Structure formats: C-alpha cells, structure tokens
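Trainee: Let's see this in three dimensions:
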Amino acid sequence: MAEYNLGTIQNVTAEPALNGFHGLGITNKLLEAVGSLNYSEPTPVQEQAIPVGIEGRDLIAVAQTGTGKTIAFGIPMIQRLAQSPSGRGLVVVPTRELAHQVDDALRAICRAHQMRTAVIIGGVSMEPQRRALARKPHIIIATPGRLLDHLKQRTISLANVEILVLDEADRMLDMGFAPDINRIISALTHRHQTMLFSATMPQEILAIARKHMDDPAHIEVARSGASPEEISHEMFFVDNRDKPQLLEIQLRKRTGSTLIFTRTKHGASKLARRIKAMGHSVAEIHSNRSLRQRFGAMDGFKDGEFRVLVATDIAARGIDVTNIALVINYDLPSTSEDYIHRIGRTGRAGKNGHAISFATFDQEGEVRDIEDLMNTSLPVSALPFAPSQRSAPRMNRAPSRPQARSHAQVPSQVSPSIDKWDSAQTFGRHRVNVKGRSRRRR
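Mentor: Numbering: from 1, shown residues only. Next up, the predicted model:
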C-alpha cells in the first residue's frame with residue numbers, strides 16, 4: 001500500500017512492455033501515431049500510467065518534470081475519447097506556456113483520430129477562444145482563471161467532460177489555484193475519470209484526491225521529492241554582494257545551455273543585463289514580458305541562439321528543452337518543492353545534468369528544508385575566492401542522510417552538509433507541507 005493516507009488508494013506496477021509501446025493496451029492507430037513521433041521506448045511514467053488510464057481508473061502519478069507526462073495522460077485520453085464520440089477531455093495546467101506545450105504534444109497524437117484541441121489561457125483576447133470553443137473541440141487545455149471566466153460567461157460547457165487531467169497539480173496549488181480547481185471540478189456534471197500528475201505530494205493535493213477522486217491508483221515513478229540520479233548537486237554559501245562574481249566564474253568554467261532562476265521578475269531583468277555584460281548570449285522570461293517575448297526567448301534558448309535563460313519560477317513552467325546542461329539557483333526558491341521543479345529542467349532524456357545553488361548565510365533553514373524533502377544531503381563547496389563576508393553557517397556534524405551526487409572533484413573544496421533536523425510532523429518519508437508550501441524553521 002502507498003504511504004499516502006487516502007484509504008482506498010492503491011499502488012500500481014505495470015508489467016514491462018515487451019516491445020516499446022506495444023503491450024500497454026494502445027490501439028494500432030495510436031501506436032502508429034506514436035511511432036511517427038520517433039518515440040521508441042516508453043518512459044517509466046508512461047509505462048505505468050498508460051494501462052491504468054486506458055482502463056478508465058482515477059490516477060495519481062508522482063513524477064518529476066520532463067518524464068513524459070503529457071504522453072502518459074494523452075494516449076489514454078485520446079484512445080478513450082475515440083471510443084466515446086460525445087465525450088470531451090479537459091486538461092488544466094498552471095501557466096500559459098505549459099498550456100501551449102501540452103497542446104503541441106496532444107495535437108501530434110490527435111491527428112490519428114482527427115480530433116481538435118483548443119487552448120484557453122489568460123493574457124489574450126477571449127473572442128478567438130469563443131470561436132474555438134464554438135467548434136466543439138474534443139480536448140480543451142486551459143489555465144484555471146481563464147477557464148472560470150468562460151464558465152461565468154457561459155461560453156463553455158463542461159457537461160460532456162469524461163476525462164479530467166490536472167497537470168503539475170502541486171504548482172497550481174502553490175500558485176493559489178486550489179479554490180479554482182475545486183470550482184472547476186464541481187462544474188463537471190458528467191461522471192468522469194480524473195488523472196492527477198504532480199512532482200510532489202502536498203496536503204492540498206491529498207485533500208482534492210479525497211474529495212473528488214474515486215479509488216485512485218497511485219503511481220510513483222520517483223519518490224516524491226526525490227532528485228533524478230542523472231542530476232548532481234552543488235551548494236555555495238555566499239553573500240549577496242559576491243553572487244555576480246561567483247556566477248561569472250561558473251559560467252566561464254562550464255559549457256552548455258544554462259537556466260538561471262531568480263525569485264523576482266525585477267531580479268531576473270537585472271541579472272540578464274549583468275550576464276549580457278559578461279559577454280554571454282542571454283534571454284529572460286518573467287511576468288513583465290509579453291507572451292510573444294516569452295515564446296521568442298524560449299525558442300531562442302531551445303535553438304541555441306541564447307546560451308543562458310534567466311527565469312522566474314512561474315514563467316519557467318512551459319520550458320521544454322532536453323539539453324539543458326546546468327541549472328543555477330541564483331536565488332534559492334521560495335519553497336523546497338520549487339527546488340525539485342527547478343532542477344528537473346536538467347538531466348533529461350537520460351543525459352547528465354548539474355544543479356548549482358547560491359544560498360546566503362542566513363538561509364540554513366531553507367537548505368535544510370530542501371534536504372529534508374529530498375531525504376539527501378546537498379554537497380557544499382567552498383568559494384573559489386575570498387568572500388566579502390567571512391562568517392559561515394554551522395556545519396559541524398556529519399551528513400545524516402545519503403549524500404546527493406556531486407560534481408566537485410577536489411575533496412578540500414567540499415564541506416560536510418548541513419545536519420538533519422527533525423520535524424514535528426512527517427508524511428511518509430518527508431515532512432507535511434502547510435497550505436501546499438514547505439514549513440520552514442528559522
């Protein structure tokens with residue numbers, strides 16, 4: 001049984017597919033469509049989720065970003081809708097960029113059954129969306145706020161929705177969409193299947209599952225909060241005034257596409273200007289950029305026009321690039337779950353990736369939160385220069401957890417990781433979250 005306290009929830013382990021996607025219950029027509037996309041072998045989440053989804057069961061899948069989740073829910077959705085001509089599918093995602101990414105992936109498979117999709121997102125005119133909805137698409141991909149706008153204006157009906165997908169559910173809850181999600185689910189009058197995909201499992205997701213899902217199967221490709229083995233980690237404790245110097249050294253030292261995270265949009269713009277002055281090609285994505293500017297930045301990053309992309313957490317949700325060599329947390333994320341989402345952008349498609357984080361000396365507790373969620377110790381490296389502020393956090397205890405993989409090759413530059421602290425509440429192998437966010441200890 002799963003560790004999550006959902007009563008009837010069940011773990012599911014699918015038999016390995018004998019020949020790529022064959023043996024997963026997929027129809028020949030969809031197998032041909034998948035083959036035309038040059039997918040030869042299913043990813044672990046696809047191998048386990050597709051048979052369950054095709055059965056029509058409710059499903060909770062815990063899987064990291066970049067593991068092939070769209071195909072994992074897309075194939076069952078399209079196959080089941082093809083057998084129910086009046087049925088419709090609804091995919092709810094946290095951001096506009098991710099909505100377009102999901103739409104691109106689904107349309108490539110939908111062609112096998114001449115199905116139509118529609119993207120319903122904020123930040124653009126509603127009129128083209130009304131026209132798209134009037135054509136009665138088989139699958140709607142929507143962000144919560146704009147979907148509710150259409151429901152209020154009665155320009156959309158969810159009466160025939162037979163399959164609901166909540167993609168990156170933890171991110172939606174972290175963005176404050178829990179009330180919207182509950183309103184959307186309550187608007188579904190037809191008996192429906194729900195498939196929920198998330199990288200982590202905060203309390204609010206469990207509340208939604210208990211309230212709205214029927215005997216869900218549980219698939220956990222990687223333990224909730226775990227870091228993929230392909231990703232190595234490195235932590236620097238550094239004063240804010242020294243961060244630009246450390247960043248310049250890291251960018252000069254390493255090669256390949258680099259994704260850099262900041263906490264604020266203003267910080268992202270300022271940092272992008274600094275990086276450009278260092279002589280690197282750079283783009284930025286955040287909420288102050290138009291949708292067209294964001295797509296241009298992402299396309300340029302994907303095509304190699306820009307070596308560096310600076311992003312905030314929310315704006316980065318639509319990034320789908322397989323060859324990111326390095327993720328740098330210039331600012332630590334606001335929650336430990338965000339660390340998992342951030343580093344999941346590297347180490348994709350079986351490639352190795354590296355994650356570097358800059359923590360200030362007063363962020364010991366936040367680093368502990370990340371380690372506690374991941375159940376691993378993060379290697380701490382010494383600064384390659386004399387710091388402006390010489391005080392450092394206490395690190396006087398040996399790691400009490402397995403240590404995350406490190407790229408650091410010189411033992412003298414690696415200090416013991418921060419010692420483990422005990423939380424008053426635990427949930428499975430990691431701490432219970434409060435309102436979808438990590439409880440921090442200062």
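Trainee: Now do the helices in the stretch 301-442 of the chain.
Mentor: Applying DSSP state H, counting those that start in this stretch to the stretch 301-442 of the chain gives helices spanning 336-343, 364-374.
Trainee: helices or strands next to the last one in the packing?
Mentor: Identification of packing neighbours for helix 364-374 by 3 or more CB pairs under 8 Å, 6 or more residues apart in numbering; DSSP states H and E yields helix 336-343, strand 353-359, strand 430-431. Quick note: C-beta positions are derived from backbone N, CA and C, even for glycine.
Trainee: Determine which of the ones you listed approaches Leu37 most closely.
Mentor: Closest to Leu37 of the helices and strands packed on helix 364-374, according to CB to CB: strand 353-359, at 23.5 Å.
Trainee: chain center to that closest one, what's the gap?
Mentor: The chain centre lies 17 Å from the centre of strand 353-359; the measure is CA atoms, centre = their mean, to the nearest Å.
Trainee: Does the residue lying closest to Leu37 once chain neighbours are set aside belong to a helix, a strand or coil?
Mentor: Nearest-residue entry for Leu37: Ala108, 5.8 Å, with adjacent residues in sequence omitted and distances by CB to CB, 6 or more residues apart in numbering. Using DSSP: H, G, I helix; E, B strand; the rest coil, the three-state assignment for Ala108 comes out as helix.
Trainee: Around Ala108, how many other residues sit close by?
Mentor: Residue neighbour count, defined by other CB atoms under 10 Å, stands at 16 for Ala108.
Trainee: just to revisit the earlier point, reformat the helices and strands packed on helix 364-374 as JSON lines; add mean neighbour count and distance to Arg154.
Mentor: What follows is the helices and strands packed on helix 364-374, written out as JSON lines (neighbours: other CB atoms under 10 Å; distance: least, CB to CB, whole Å):
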{"stretch": "helix 336-343", "mean neighbour count": "26", "distance to Arg154": "35"}
{"stretch": "strand 353-359", "mean neighbour count": "24", "distance to Arg154": "46"}
{"stretch": "strand 430-431", "mean neighbour count": "22", "distance to Arg154": "43"}
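Trainee: closest to Val308 out of those?
Mentor: The closest of those to Val308 is strand 353-359. By CB to CB, the value is 13.1 Å.
Trainee: The residue nearest the centre of the chain and Ile50, how far apart?
Mentor: Nearest to the geometric centre of the chain sits Thr65, at 4.0 Å (CA atoms, centre = their mean). Relative to Ile50, Thr65 is positioned 19 Å away (CB to CB, to the nearest Å).
Trainee: repeat for Ile208
Mentor: Taking CB to CB as the measure, Ile208 and Ile50 are separated by 23 Å.
Trainee: So between the two, which is more surrounded?
Mentor: Set side by side, Ile208 and Ile50 show more neighbours around Ile50, with 25 against 21, by other CB under 10 Å.
Trainee: Show the pLDDT at that one.
Mentor: Ile50 carries a pLDDT value of 97.
Trainee: At which residues are the strands of the stretch 151-300 of the chain located?
Mentor: Defined through DSSP state E, counting those that start in this stretch, the strands belonging to the stretch 151-300 of the chain, from first to last, are 161-166, 193-198, 217-220, 231-237, 257-261, 282-285.
Trainee: Mean pLDDT lowest where, among these?
Mentor: Taking the mean pLDDT of the strands of the stretch 151-300 of the chain, strand 217-220 comes last: a mean of 91.
Trainee: end to end, how far does stretch 49-63 reach?
Mentor: Taking CA to CA, to the nearest Å, stretch 49-63 runs 11 Å from one end to the other.
Trainee: from the chain's centre, how far out does that stretch sit?
Mentor: Here stretch 49-63 is found 18 Å from its chain centre; the criterion is CA atoms, centre = their mean.
Trainee: And for stretch 110-119?
Mentor: The gap between the average C-alpha position of stretch 110-119 and the chain average comes to 24 Å, counting by CA atoms, centre = their mean.
Trainee: what does that stretch rub up against?
Mentor: Around stretch 110-119, the neighbours that count as contacts under CB atoms under 8 Å, 6 or more residues apart in numbering are 29-30, 32-33, 78, 81-82, 99-100, 103, 106-107, 129, 132-133, 135-142.
Trainee: For ChimeraX, what selects the buried ones among the residues you listed?
Mentor: Buried residues among the contacts of stretch 110-119 (16 or more other CB atoms under 10 Å), as a ChimeraX selection:
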select :30,33,78,81,82,99,100,103,106,107,129,132,133,137,138,139,140,141,142
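Trainee: Please report phi then psi for Gln64.
Mentor: The phi and psi values for Gln64, taken as degrees, to the nearest 10, are phi -70, psi 160.
Trainee: who touches Cys370 in this structure?
Mentor: For the record, residue 370 is Ile, not Cys. Residues touching Ile370, when contacts are defined by CB under 8 Å, 6+ apart, comprise Leu332, Ser336, Tyr339, Leu378.
Trainee: From those, pick the one nearest Ile60.
Mentor: Taking the contacts of Ile370 together and measuring to Ile60 by CB to CB, the closest member is Ser336, at 20.3 Å.
Trainee: how near is the closest one to Arg171?
Mentor: Here the distance between Ser336 and Arg171 works out to 14 Å (CB to CB).
Trainee: can you check Phe358 too?
Mentor: Phe358 sits at a distance of 23 Å from Arg171 (criterion: CB to CB).
Trainee: Show me the strands in the stretch 1-150 of the chain, by range?
Mentor: 10-11, 59-62, 88-92, 117-120, 139-142.
Trainee: Go through these and find the least confident stretch.
Mentor: Out of the strands of the stretch 1-150 of the chain, the stretch the model trusts least by mean pLDDT is strand 10-11, with a mean of 53.
Trainee: before we move on, the earlier item: can I get the strands of the stretch 1-150 of the chain in a markdown table with distance to Ile285?
Mentor: Compiled in a markdown table, those are given as follows (distance: least, CB to CB, whole Å):
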| stretch | distance to Ile285 |
| --- | --- |
| strand 10-11 | 37 |
| strand 59-62 | 27 |
| strand 88-92 | 22 |
| strand 117-120 | 18 |
| strand 139-142 | 20 |
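Trainee: Looking at those strands, which is nearest to Leu259?
Mentor: With CB to CB as the measure, strand 59-62 is the member of those nearest Leu259 (23.0 Å).
Trainee: Direction included, what does the closest one pair up with?
Mentor: Looking at strand 59-62 with DSSP bridges, its paired strands and their directions are strand 193-198 (parallel), strand 217-220 (parallel).
Trainee: worst-scoring helix or strand of this protein, pLDDT-wise?
Mentor: Counting by mean pLDDT, DSSP states H and E, the chain has its least confident helix or strand at strand 426-427, which shows a mean of 26.
Trainee: Relative to Arg241, which of the contacts of Ile370 is nearest.
Mentor: Taking CB to CB as the measure, Leu332 is the one of those closest to Arg241, at 16.4 Å.
Trainee: got the contact list for the closest one?
Mentor: Arg263, Tyr339, Ser357, Phe358, Ala359, Gln363, Glu366, Val367, Ile370.
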